[in-house]
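Visitor: prediction below, plus the sequence it came from.
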Amino acid sequence: MEFIQDPKDSDLNEVHAIEQENEVELWSIKNFKDSISVKHFFKIFFLNETIVGFIVARLIPHDCEILNIGVTKSVRKKQVASKLMDALIGECHNKNIKHIFLEVRTSNIPAISLYKKFYFNEIGVRPNYYLTKKGHEDAIIMGRDLP
Ligand SMILES: CC(C)(COP(=O)(O)OP(=O)(O)OC[C@H]1O[C@@H](n2cnc3c(N)ncnc32)[C@H](O)[C@@H]1OP(=O)(O)O)[C@@H](O)C(=O)NCCC(=O)NCCS
């Protein structure tokens, strides 16, 4: 059984555990809590009563910025992120938002491939934007218009 819903504060330890599976620039539990407080678009994906993915985005009039998305390693490449992206794009349509954008590390091929699948294009680069273990890495800014 799978479904997508809004998170409660009590879900955030599980969400944070997914975030911690990544080695780079992690959100704290407080970052997730703040997203609930300021009413970001924040959805969690349940699979058999376990949280396996999440998406957080800032919706402002006409624009949407994807702030974070993550799927637990054991269920990656099974369309969880795609379903979360569908939920976000549906909400953007409902709110008459016309543009979505995000920043992603140049080395993050899975995420870049996900966004390309959803018709995002590269619209800019922020040189040396992210810290890495070896130094710095560029951010690619990706975006797409919505009809
Ligand atoms: C990026 C991420 C969210 C994708 O989640 P996912 O549930 O595995 O993605 P999906 O199964 O919905 O895949 C959708 C598309 O993404 C691409 N994709 C996903 N994983 C990929 C991989 N390892 N290599 C290449 N392309 C990949 C494919 O194009 C795929 O399309 P397809 O199913 O038609 O082949 C996941 O890898 C993740 O949590 N990564 C760590 C966190 C992260 O990097 N977040 C993004 C920050 S900008």
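Guide: Ah, there it is. Residues are numbered from 1 along each chain as shown.

Visitor: now do the same contact list for the closest residue to His16 other than its chain neighbours.
Guide: Distance criterion Cβ to Cβ, 6 or more residues apart in numbering; nearest residue to His16, sequence neighbours excluded, is Ile29 at 4.9 Å. (Each C-beta comes from the backbone N, C-alpha and C, glycine too.) By Cβ atoms under 8 Å, 6 or more residues apart in numbering, Ile29 lies in contact with 12-13, 16.

Visitor: narrow these to those in helices?
Guide: Counting by DSSP state H, the contacts of Ile29 place 12-13, 16 in helices.

Visitor: show me which of these are buried.
Guide: By neighbour count, with 16 or more other Cβ atoms under 10 Å, the ones in helices among the contacts of Ile29 hold 12, 16 as buried.

Visitor: of the ones in helices among the contacts of Ile29, closest to the ligand?
Guide: His16 (13.1 Å; Cβ to the nearest ligand atom).

Visitor: close enough to count as contact, that closest one and Phe32?
Guide: Yes - with contact defined as Cβ atoms under 8 Å, His16 counts as touching Phe32 (6.4 Å).

Visitor: Ile36: helix or strand, and which one exactly?
Guide: helix 29-37 (DSSP states H and E).

Visitor: what is the top helix by length along the chain packed up against?
Guide: Ranked by residue count and defined by DSSP H, the top helix of the chain is helix 80-94. Packing contacts for helix 80-94, counted by 3 or more Cβ pairs under 8 Å, 6 or more residues apart in numbering; DSSP states H and E, involve strand 2-5, strand 41-47, strand 50-60, strand 63-71, strand 99-105, helix 109-117.
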